[in-house]
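A.B. asks: take this sequence and fold it.
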Amino acid sequence: MSEPQGSEGTTQRLPVIERAAEPDRRDQSASAAAYGPPPVPDTDAGGGERRFWSARRVPAAVVALLLLLAAGIFLYDIAAVRAHRPAMHWRRELSRQLAERTLDDTWVLIGAGVAAALGLWLIVLAVTPGLRGLLPMRRTHPDVRAGLHRDAAAMVLRDRAMEVAGVQSARVRMRRTKADVRAVSHFRELDDVRADLDATLAEAIRALGLARQPALSVHVARTTRKKG
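C.D. replies: Predicted structure coming up:
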C-alpha cells in the first residue's frame, strides 16, 4: 500500500486548519448555478480495479475458537459416557428441554433467531470485501496492487485546498465515491474561491491515481468574527 508523502510547502500551513470562527450560514457560496461541476477525469484501463478483500482474522479466530471449545466439550462428554460415567448435567438438561419444548415456544424462537442472525452475519462477511477505508489505485504494473487510505487522500486534498488564495481553513471528508470539501474563506469573492477550488481539487483527485475517481463536492462559506 502506498501513502502520499506531504511536501514541505503544504505542511507549513497545517496549523492554520483549526476550528476558528463558525461560518455564517447566511453568507455562503451560491456558485452551483454559476459554475458547473468539474470535468470528469479521464480513466484508463485500471478503472475497473476491485476493492481489497479483508482477511477477516478476528471473526475467523472467534468462530474457530468457539467451534474448538464446543467440539472439545462434546468429545469429553462422549468419552465420559463411554467410560460408564453419567453425562454432564447441562447436556441432560438441554436434551430434556429440546424434547419437551415445542417449535412455537418463545425460547426456541429466540434461539433460532439468534442462530439465524449469526449465520447471516457470517455470510455477509464471506461475500463482502471489507476494508472500506482503503481506496484501490490504478494498476501500472500487472504484479503490483496499490491502495490509498481515505484519511491520507483527504489530507492531500485538504493541503491542496489550503493552497488556494482566500481559503482560511478547509475540511475534507473522503468517501469511496465522493469527496466532500468544506472551506472557509476570509477574503476574495466566494464564487472565485469556489471556482479555483473546483479546478485545483479536480486536478488533485486525478493526481491521486485512484482506480475509481470520486465525485467532487465543494462548499465555501464566509468566516465571521464576533464584534465586542
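
A.B. asks: how about residue 50, what does it touch?
C.D. replies: 129, 136 (C-beta atoms under 8 Å, 6 or more residues apart in numbering). In short, each C-beta sits where N, CA and C put it, glycine included.

A.B. asks: how is the protein divided into domains?
C.D. replies: Recorded structural domains for the chain (assignment: automatic domain parsing) are 8-50+133-223, 57-127.

A.B. asks: ranking those by mean pLDDT, which is last?
C.D. replies: Lowest mean pLDDT of the domains of the chain: domain 8-50+133-223, a mean of 76.

A.B. asks: okay, strands next: where are they in this protein?
C.D. replies: Read by DSSP state E, the chain holds these strands, from start to end of the chain: 23-28, 134-136, 147-149, 167-174, 178-185, 215-223.

A.B. asks: next, format those strands as JSON lines and append mean neighbour count.
C.D. replies: Conversion of the strands of the chain to JSON lines gives the following (neighbours: other C-beta atoms under 10 Å):
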{"stretch": "strand 23-28", "mean neighbour count": "13"}
{"stretch": "strand 134-136", "mean neighbour count": "21"}
{"stretch": "strand 147-149", "mean neighbour count": "19"}
{"stretch": "strand 167-174", "mean neighbour count": "20"}
{"stretch": "strand 178-185", "mean neighbour count": "21"}
{"stretch": "strand 215-223", "mean neighbour count": "19"}
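
A.B. asks: would you format those as TSV with distance to residue 109 included?
C.D. replies: Listed next are those as TSV, based on distance: least, C-beta to C-beta, whole Å:
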stretch	distance to residue 109
strand 23-28	51
strand 134-136	40
strand 147-149	44
strand 167-174	42
strand 178-185	42
strand 215-223	45
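
A.B. asks: residue 194 is nearest to which of those?
C.D. replies: Evaluated with C-beta to C-beta, the strands of the chain place strand 215-223 nearest to residue 194, the distance being 4.6 Å.

A.B. asks: ok, longest helix in this structure?
C.D. replies: If each helix of the chain is counted by residues according to DSSP state H, the longest one is helix 57-82.

A.B. asks: nearest to residue 58, of the strands of the chain?
C.D. replies: Going by C-beta to C-beta, the one of the strands of the chain nearest residue 58 is strand 134-136, 16.8 Å.

A.B. asks: walk me through which strands that closest one pairs with, and which way each runs.
C.D. replies: Taking DSSP bridges as the criterion, strand 134-136 sits next to strand 147-149 (antiparallel) in its sheet.

A.B. asks: off-centre distance for the partner strand?
C.D. replies: Between the centre of strand 147-149 and the centre of its chain there are 11 Å (C-alpha atoms, centre = their mean, to the nearest Å).

A.B. asks: same question, stretch 198-207
C.D. replies: Between the mean C-alpha location of stretch 198-207 and the chain-wide mean there is a distance of 21 Å, by C-alpha atoms, centre = their mean.

A.B. asks: same question, stretch 53-65
C.D. replies: Relative to its chain's centre, stretch 53-65 lies at 19 Å (C-alpha atoms, centre = their mean).

A.B. asks: gap between the two ends of stretch 100-112?
C.D. replies: According to C-alpha to C-alpha, to the nearest Å, stretch 100-112 extends 16 Å from its N-terminal end residue to its C-terminal end residue.

A.B. asks: the chain should start at 108 in everything you say after this.
C.D. replies: New numbering, starting at 108: the last item is stretch 207-219.
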